[in-house]
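Enquirer: any chance you could fold what I've pasted below:
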Amino acid sequence: MLSKWELRNDSNVSSELIKLCKGDSLLARLLVNRGVNDPSLINYYLDIDHAKYSHSFEIPEMEKAFLRVKEAINNKERILIYGDYDVDGTSSVALLYRAFGLINYEVAYYVPNRHNEGYGVNKNAVKKIREEMNIDLMITCDCGISNFDEVAYANELQLDVIVTDHHSIPKNPPPSIANCNPKTLPEDHPLHYLPGVGVAFKLAELILNEFAPDKVSADKFITSLLDLVALGIIADLAPLKSENRLLCIKGLGVLSRTNKPGLQKLLNISGSADAPNTEHIGFGVAPRINAAGRLSDALNAVKLMTTDDYTEAEELSELLDSENQERQGLCERIFDEALMQIEETLNLKEEKVIVIGSKTWHHGVIGIVASRLVEKFHLPVFIMAIEKEVCKGSVRGIDIGDLDIFLEMQSMQEEHNIFHKYGGHMMAAGFSIMKENFNKFKNICSDHFKEKLKARDLSKVIKVDSDLFLKENSEALISRLENIAPYGLGHPQAVFATGPLKIKGTRILGKEKKHLKLYLEDTNNEAGRSPAFLKNIKNKTVEAVIWNRAQDFFADFHKLENDLYIAYTPKINDFRDEKFIQLDIKDWKSGSEINPEIFTRTKN
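Expert: Sure, this is the predicted structure:
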């Protein structure tokens with residue numbers, strides 16, 4: 001995979017912003033580099049207690065949705081919550097289920113089985129919900145916006161439907177009572193990037209403010225749901241900006257002291273009980289919740305988040321932990337097989353997209369594999385599990401500005417009518433095609449992306465915030481960086497560049513020997529070095545880690561040993577009660593490969 005480093009330096013840092021950052025020009029620069037150059041947005045980053053929530057009615061059609069729910073409650077109608085099987089969907093279902101429970105209104109919920117029913121609303125489920133469960137009003141969570149036919153069928157059965165969703169809006173949205181989707185708002189609106197759980201929360205706010213006994217109770221009830229909101233925001237990789245950021249920070253605080261037995265047990269079993277943060281959720285908690293929907297039944301995830309029984313919570317958390325271990329094994333096998341298939345069937349010097357599939361791959365985990373393939377090759381990936389009659393697929397895109405995977409699929413559908421079903425976002429989507437169209441689909445994708453991406457530089461871009469001397473990586477620096485945490489999509493961690501360095505030692509990590517620990521020092525080569533560099537070098541060994549790319553690094557070792565430049569994020573590693581600085585390496589280059597514009601600070 002080719003990469004290039006670019007210095008983040010989009011605009012000047014104003015003196016007003018530096019003042020708001022209490023004179024810390026580095027933090028001000030980091031914020032500007034992340035698009036926060038308007039002082040009015042600073043509360044989302046440095047003074048969250050003074051940041052303001054947007055009113056739920058700012059989401060188009062939310063008022064219509066609320067009035068229909070209010071009518072249903074007043075008339076004692078039967079309500080059902082219908083959600084997707086990932087963390088965003090299941091946390092949305094759990095949130096609304098708990099919201100209704102807080103006002104003592106009994107509702108039902110339904111989560112389709114990934115293996116038997118697939119994503120979104122399906123007609124068999126609609127028929128069962130209306131005719132067997134006798135439901136009057138169905139509220140979808142994290143799905144429904146692409147289900148025109150299914151919602152029309154519900155209307156035929158006199159089942160009212162409210163859609164709460166955040167996925168890209170098709171040209172023909174469903175004929176529901178209300179389609180509550182923040183994507184209808186301008187991109188600069190604080191609610192535009194809400195995930196499914198955020199939309200569900202905005203509806204829950206209205207319900208609780210209307211039906212709670214008093215304002216104090218309503219506020220208490222609303223706050224109690226924020227742990228589920230943070231869980232869904234982080235797991236769904238929603239951009240951590242504007243109101244998402246506010247909800248995430250407040251939610252992490254509630255999560256750290258949650259009284260929900262299922263979340264308590266899950267935090268414990270994933271080693272995240274003490275002050276959970278975005279990394280704990282993203283890499284520990286969320287994969288375990290997702291494992292239920294990927295391998296068995298996502299209803300277990302909803303049960304975990306809604307139970308008040310500690311025994312049941314412990315049993316469910318252990319089940320999800322076991323399924324996650326099984327999921328990890330499946331991912332490793334499929335990833336290795338995918339690499340073999342790519343090597344044997346694709347010429348990546350010519351192709352602009354990776355399209356692969358197999359009868360032996362589990363469609364519940366191929367999305368994870370697709371993400372890993374994008375990380376390795378930096379090409380769009382369409383990966384399919386070939387089943388009896390259909391191929392079920394996941395798509396992951398690459399960040400090159402104007403490439404919107406959903407719109408590209410929409411374009412292919414308009415021209416070739418190849419998809420049985422599809423839906424998703426700019427960077428990720430799901431789809432199905434008929435099995436007999438597998439080879440045809442590969443050719444369509446290949447031709448489409450060759451045309452779309454011709455003459456485009458597809459190198460992965462590493463955005464560097466600043467160059468640093470090695471000795472500047474201190475606990476004090478990392479503490480300063482924590483002032484604008486949490487980090488995530490839309491607000492990435494700070495990345496610094498340092499070099500030249502020499503490698504004093506290496507150590508392979510992990511059962512699969514895919515990770516690498518490096519022991520680094522400043523080089524002693526003084527030739528051509530600036531006085532500032534010579535003043536700041538300090539022969540102190542610093543640890544650094546490379547995840548999943550040990551063999552790639554060793555392939556380059558001959559040119560790096562005494563001339564290594566790294567792009568990295570400094571972190572504190574807390575291991576066995578010992579804290580030390582560790583550099584999380586994102587990429588590396590030799591001196592002849594670097595962009596000299598990045599090193600203006602440490603070279604001059």
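Enquirer: next one: stretch 206-218 to chain centre, how far?
Expert: Put simply, stretch 206-218 sits 32 Å off its chain's centre (Cα atoms, centre = their mean, to the nearest Å).
Enquirer: which residues touch stretch 437-445?
Expert: V353, V355, G357, F382, M384, I386, C391, M412, H416, I418, I433 (Cβ atoms under 8 Å, 6 or more residues apart in numbering). For glycine as for every other residue, the C-beta is placed from the backbone atoms N, C-alpha and C.
Enquirer: ok, those residues vs P195, which is closest?
Expert: F382 (23.4 Å; Cβ to Cβ).
Enquirer: name the helices or strands packed onto whichever helix or strand the closest one is part of?
Expert: Secondary structure assigned from DSSP states H and E places F382 in strand 381-386. Helices and strands touching strand 381-386, by 3 or more Cβ pairs under 8 Å, 6 or more residues apart in numbering; DSSP states H and E, are strand 354-358, helix 366-377, strand 390-396, helix 438-452.
Enquirer: let me see the domain layout of the protein.
Expert: Per the record, the chain has its domains at 8-42, 59-322, 346-459, 462-603, by automatic domain parsing.
Enquirer: just those: most buried one?
Expert: Among the domains of the chain, domain 59-322 has the highest mean neighbour count (mean count of other Cβ atoms under 10 Å), at a mean of 21.
Enquirer: roughly how far apart are L518 and I585?
Expert: Relative to I585, L518 is positioned 7 Å away (Cβ to Cβ, to the nearest Å).
Enquirer: quick check: neighbours shared by these two?
Expert: What both L518 and I585 touch, as defined by Cβ under 8 Å, 6+ apart, is the set A544, V545, I546.
Enquirer: just the helices in the stretch 501-604 of the chain please.
Expert: Using DSSP state H, counting those that start in this stretch, the helices of the stretch 501-604 of the chain run over 531-536, 550-560, 600-603.
Enquirer: quick one, phi/psi of the closest residue to K215 other than its chain neighbours?
Expert: Leaving aside its chain neighbours, K215 sits nearest to N209 (7.9 Å; criterion: Cβ to Cβ, 6 or more residues apart in numbering). With angles defined as degrees, to the nearest 10, N209 sits at phi -70, psi -30.
Enquirer: got any ranges where the stretch 51-200 of the chain has weak pLDDT?
Expert: Regions of the stretch 51-200 of the chain meeting the criterion pLDDT under 70 are absent.
Enquirer: where along it do the helices fall?
Expert: Going by DSSP H, counting those that start in this stretch, the stretch 51-200 of the chain shows helices at 62-74, 87-102, 123-127, 148-156, 196-211.
Enquirer: now distance to S3 too, for those helices, in JSON lines please.
Expert: Output for those, formatted as JSON lines (distance: least, Cβ to Cβ, whole Å):
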{"stretch": "helix 62-74", "distance to S3": "43"}
{"stretch": "helix 87-102", "distance to S3": "30"}
{"stretch": "helix 123-127", "distance to S3": "45"}
{"stretch": "helix 148-156", "distance to S3": "42"}
{"stretch": "helix 196-211", "distance to S3": "33"}
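Enquirer: wait, which of those is closest to H448?
Expert: That would be helix 148-156 among the helices of the stretch 51-200 of the chain, by Cβ to Cβ, at 24.4 Å.
Enquirer: show the secondary-structure elements that the closest one is packed against.
Expert: So helix 148-156, by 3+ Cβ pairs under 8 Å, 6+ apart, packs with helix 123-127, strand 160-164.
Enquirer: ok and it relative to strand 160-164, angle-wise?
Expert: If you take axes from the mean of the first three to the mean of the last three Cα atoms, to 10 degrees, helix 148-156 sits at 150 degrees to strand 160-164.
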